[in-house]
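Peer 1: pasting the sequence and the predicted coordinates here, then a few questions.
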Amino acid sequence: MNVIGLILVLVVSCNTEAQTFTQDALNSIANGLKVKWTVRTNTKEVERFEAEVTLENGASTEVLSYGPWKIYFFCIFMIEPDLLGNRGNKGAELVGQGVKVTHVQGSFFYLEPTESFLSLPPGSVRTIIFKVRFWSVARTDAMHNWYIEYPGLEPVVIASTQGEDLAFVSERTSPAQWKRYDFDEYNPFTAQERYDRNYIPNPNDQSELRLVPKPLSVKTDSMDTLKYLTIDSSWYISYTGALSDEVEYLRDYLNLNTNNVLPSSNRPGQKVIYMRVGIVDMPAGASVLGGKPDAYSVEVNVTTQRITVLGNSASGVFYAVVSLIALMSEHNEIPEIKVIDSPRFSYRGLMLDIARNFHPKEGILEIIELMSMYKLNKLHLHLTDDEGWRLEIKSLPELVEVGSQRCHDLNETQCLLPQLGSGPDNTTTFASGYLTAEDYLEILDRARQRKVTVIPEIDMPGHSRAAIKSMKARKEKLTALGQEELGLRTYLTEDNDTSLYVTPQIYSDNAINPCLEETYIFINIVLDELISLHRQGRQPLNTFHFGGDEVGAGAWVNSTECNNLRVAGQLLGGSPKAHFFQRLSSLAISKNVSLAAWEDGLMQVGNEPFNLSTLPVKDVYAYTWDNVWEWGTISRTYTLANKGFKVVMAHASHLYFDHPYEPDPEERGYYWATRFTDTKKTFLYNAVRYYDNLQTRRSGQPIADDELCGSNGLNCPPLNNPNNIVGLEGTLFSETTRTKEHLHNRLFPRLLALAERAWHEAPWESLPKGTEREAMMQEDWYSFARALGHRELKRLDKLGVMYIIPPPGARVDHGFLLTTPLFPGLHVHYSYNAGATWMDASGPTVNVGDYHYQIWLRTASADGKRQSRMINLSPIPPLRAVTQATIDYISQYLVVNFTVVDNYLTYGEQYYVVNVQLSNNGNRSIPAGNWRIYFNSVNSVEAEFLEEGYNYLDVKLKMTIDHVNGYLYSLGPAPLFPGLDRWENLNFTFRIANWCASRYESMPRWYVSAPGMSARDLVSTEGELIDYVTPFTKKEQWQRFAEDQFVPWTPGVRYDRNVDRDIAPLPALLIIPTPVSFKSLDSGRFKLMDDLVTIVYADLTLKDVADYLKEVLTKLVPGIRLTVSSNTPESDFILLHLGEVTGNNASDEIYKVMVSAKTVDISGKTIKGVFYGAISLIHLAFKTTPAGSIPHCEIIDWPRFPYRGQHVDTGRNFQ
């Protein structure tokens, strides 16, 4: 863990006494404290990111010191998972930083000072660093409304953390910040990339009269001959049958007087819209759709001034009216046309989460209206979750009294804990609130009128924290009133259950116990009230969604009640999960209600669902969401359908609208399933060939066809019962959706793409992969995008819908600014001054000349009142951030050849010329990107450029050289670099100062890296042979300058240099350095091998010399036996002693060695002299033959110089 960083104006000290605050002082701190949240890197460790919290004390007088204050904040992933992630461990001190971090529950954490906390006076800054699980690449991962709390005082929101702009969250500006891991393929789109992505041919073409969703059949004349009629106040509506809701809907839209509505018997002959229920004749090839209740036809006859609206049922008539309205211009002009239509799916739904963050009745009513405009007919309301219970159940009032509120009550008797940025009080409207029973009835009534079925979800047994805490508060309240037994009837957990679990949302207390009878009493109460509300709302409850998802692993393993049922043989299905499903099934069938659940709630084990044939159930609806390929669950959708479940496809890869529209840090939303889901991606969802939707991993890396389904296709069972695929659902969980604007831009315009796929089966969906399908998909998208841009978005503008406005694409071509909005018809604005002034770029051409600076751009809504986020266009597109896989490939397969071209021919003695050849010897291309190759040069490279602070650019190759520091340089792609194909070579020539006449002037271990990635050696440059440097074969390569007299030696020259015909024979004994005096006494030898030889030190100060002599001789002389002692034996010893030696008495390093038959005597004037005598003995022992056989001799020696040194540089290269 990094040590805390300090920037202090004043000297600070460690406090030993706790600080006290008044409310005013706490308010001052909260108002003045400037918080900054920064993600430092995601790519340094696997599934860990490094976060930094900066606290700057902006208060005028208050000092933040050690004391019982706490800063509460929100983080969606576990902080310090190796510490706090251990089950049951809630808090940990951040070593060296003076603070402790504690996890409360969910996204709720707090920081508090330890005794080592250094005071934070006004004007000072403190940086706190910690690790967090997984990654964070979007600014909206961070939650606002941090607050500071002190015992006995009201907690106060830290002002700098307020606001939906999340100004306290730092931007993500580097790949390490916007990539989740080093193999993440995604980067924010550049304006140039977006230009290509947004391409729509003939963007202004409005010749196709396309409705959304697209009907089965549309017959009309061409646009240039099309005839129109205008509906005004003189028109009438005539109808047959019970169509009052449908008639009223159309009358309201046309603003007709009630007198203009007549029964069919009185209808006029002209200027009439005739509405009735009847059998709709389907076009050829579509008879299978003819019997559906939602089928309809609309026929407009300009000549007779009559419009006929026909539906198989009232809902069919309603959808005919919807299409009729969609065909009208803003002046109620409508073309002569005949539309015949019927939906592919009976279930066309939207899941709206109002539990995590609350959205009130008015917003839900608005969504119902918008759903019905696009023929969506199921509103799945996610009413409960860990963060809130949002529906009044009058017999259990605590569910909303406590469970719908979030505030700073750590005991949770008045409210739930703050979560997801909700702050300390319950005035935050997105966090606290609920639907009254009357609100819900109004929603049901509007939904009934608009042919939308409301499906309530009460999420159980996981995701039930709001219910658990509410019922705990109820029990405590009733116990205080003397009614404990009544409180225990709906108590949902077992107090002595010691099971430990953690959910993906980091809760450890959110699972209702399925083994308690009280659980089913509670569910029965809730279900009865829901049935009653739906009956009152004239929309009977046919389907009850119980959630069932994401129960934490380990829940109930230590439950006494579950164990008792298991022992008694009463645990149905053998597990708490199966027991819950069977009990709930029995309850539902007794009330004539079908069940629905998320897919994981219906799995008995792994990917194997419960066996419906053994259960007392009606239909069971399975909402399949988990199609993340890496998680091994893609088989569930068809497995569930094949085994009798009614399947609603809500696949997270395409249909989760809480995910971002782009892989950009500024885009809102979670991204656990896929990095982004834009409108086009949803539009191209394939409901026929489901597996074809899975084209990439979450990282963006492609999934090969042979990987997708595994060996023998085991992961991709075929669909044997297609009738059990009942429809599609778009899903909006609301963790980051807090406002009405958030709600709108999460849903729109993606909801229109969902409506298209849920209603209309495109011909391309049934085709296999290939160019034909791809071409049809693109043409269909172009048509749809033109319809949105020119018609539908204008309709949404008029209704006040704040749909997302995608930023534009742009590029500069020959001095002209070219732009592409995602949806044709939207206007693009550009600015030269970062948005201070704007100009319209939507004309055919905008001449920007040779403008070489940034241009800022934005897209305007269809009505021009709102704008997209601002982006910038660099005249030259930036390099794409690469992944670790690219770095690893370059490391392995990019071969470097470094050639000294000449030292003096081109530039004289000032520079030498080199050529670096880069060869891609692998089997795939090396892409253009932000990778760079780093190398060392002892001489300056392209000094004229680099020393002036400029890059050296090879304009032709689009490669640059940078000077990093010292000897370190880098080379790599410049913008517009085309990449390096496999087996392609690139030759890069540049200058280096002075000369290079030896390959060893070049350095090994060139390496490649990129921001956020790990560096890797280039394998071709490894090794001390420096063989990536080509041979020096020409004189201009080995000569430093023209007058250089040195040339490489030939073998003949080297022979002549080495021959000395007058050399004396080598001496019999070699001692280096040569001693002053060496006398051979006789031919005898002192042998170290035969007997045990004792090295005797006569003075204790010589023991180290004796030990050293033994160590070295033992290693050098095989078979030697030595011992060290201070006692002198009779013979066979080497004596080390101090004493005067005749010779140079000025030297204290003089020594004498006397070797005789049984003894060796080494004497020296000092310890150093004895040591050098021992060294000479080692030479004699090792260099004689046989080794260890030392001749009888006398050596007297002393040094010529007292200083005899060797310089060793351990600075440049460590030894």
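Peer 2: Looks like it came in fine. Residues are numbered from 1 along each chain as shown.
Peer 1: so what's Glu438 up against?
Peer 2: By C-beta atoms under 8 Å, 6 or more residues apart in numbering, no residues touch Glu438. Heads up, the C-betas are built off the backbone N, CA and C, glycines and all.
Peer 1: and it, how close does it get to Leu533?
Peer 2: 10 Å (C-beta to C-beta, to the nearest Å).
Peer 1: what of Lys475?
Peer 2: Taken as C-beta to C-beta, the span from Lys475 to Leu533 is 25 Å.
Peer 1: with Tyr1151 instead?
Peer 2: 108 Å.
Peer 1: more neighbours, these two?
Peer 2: Tyr1151 (26 against 23; other C-beta atoms under 10 Å).
Peer 1: wouldn't that one be in contact with Ile1175 here?
Peer 2: No. Taking C-beta atoms under 8 Å as the definition, Tyr1151 is not a contact partner of Ile1175, at 9.1 Å.
Peer 1: show me the contact partners of the longest strand along the chain.
Peer 2: Longest strand of the chain, by residue count under DSSP state E: strand 33-45. With C-beta under 8 Å, 6+ apart as the test, strand 33-45 has contacts from 49-59, 64, 129, 131, 135-137, 142, 146, 148, 158-161, 168-170, 172, 175-177, 179-182, 184, 884, 1012-1013.
Peer 1: can you name the residues in contact with stretch 884-893?
Peer 2: With contact meaning C-beta under 8 Å, 6+ apart, stretch 884-893 is reached by 43, 182-183, 701, 920-922, 924, 926-927, 929, 931, 933, 1007-1010, 1013-1019.
Peer 1: these, buried ones only, as a PyMOL selection?
Peer 2: Here is the PyMOL command that selects the buried residues among the contacts of stretch 884-893 (16 or more other C-beta atoms under 10 Å):
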select buried, resi 43+182+183+920+922+926+927+929+931+933+1007+1008+1009+1010+1013+1016+1018+1019
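Peer 1: which of the contacts of stretch 884-893 fall in strands?
Peer 2: Short answer: those in strands (DSSP E) are 43, 920, 933, 1007-1009, 1016-1017.
Peer 1: of all those residues, which two lie farthest apart?
Peer 2: Thr43 and Asn920 (24.8 Å; C-beta to C-beta).
Peer 1: what's the distance between the helix or strand in which Ala467 is found and the middle of its chain?
Peer 2: In the assignment (DSSP states H and E), Ala467 maps to helix 465-480. On the basis of C-alpha atoms, centre = their mean, to the nearest Å, helix 465-480 sits 38 Å off its chain's mean C-alpha point.
Peer 1: any buried residues in that helix, and which?
Peer 2: Buried-residue list, helix 465-480, by 16+ other C-beta under 10 Å: 465-478.
Peer 1: just the C-alphas of that helix, formatted as PDB.
Peer 2: Provided in PDB are the C-alpha atoms of helix 465-480 (Å, rounded to 0.1, in the frame of the first residue of the first chain):
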ATOM      1  CA  ARG A 465     -33.000  -6.600   2.100                       C
ATOM      2  CA  ALA A 466     -35.600  -3.900   2.100                       C
ATOM      3  CA  ALA A 467     -38.300  -6.500   3.100                       C
ATOM      4  CA  ILE A 468     -36.000  -8.100   5.700                       C
ATOM      5  CA  LYS A 469     -35.200  -4.800   7.400                       C
ATOM      6  CA  SER A 470     -38.800  -3.600   7.200                       C
ATOM      7  CA  MET A 471     -40.100  -6.700   8.800                       C
ATOM      8  CA  LYS A 472     -37.400  -6.600  11.500                       C
ATOM      9  CA  ALA A 473     -38.500  -3.000  12.300                       C
ATOM     10  CA  ARG A 474     -42.100  -4.200  12.400                       C
ATOM     11  CA  LYS A 475     -41.200  -7.000  14.800                       C
ATOM     12  CA  GLU A 476     -39.400  -4.600  17.100                       C
ATOM     13  CA  LYS A 477     -42.200  -2.100  17.000                       C
ATOM     14  CA  LEU A 478     -44.900  -4.700  17.700                       C
ATOM     15  CA  THR A 479     -42.700  -6.200  20.500                       C
ATOM     16  CA  ALA A 480     -42.600  -2.800  22.100                       C
END
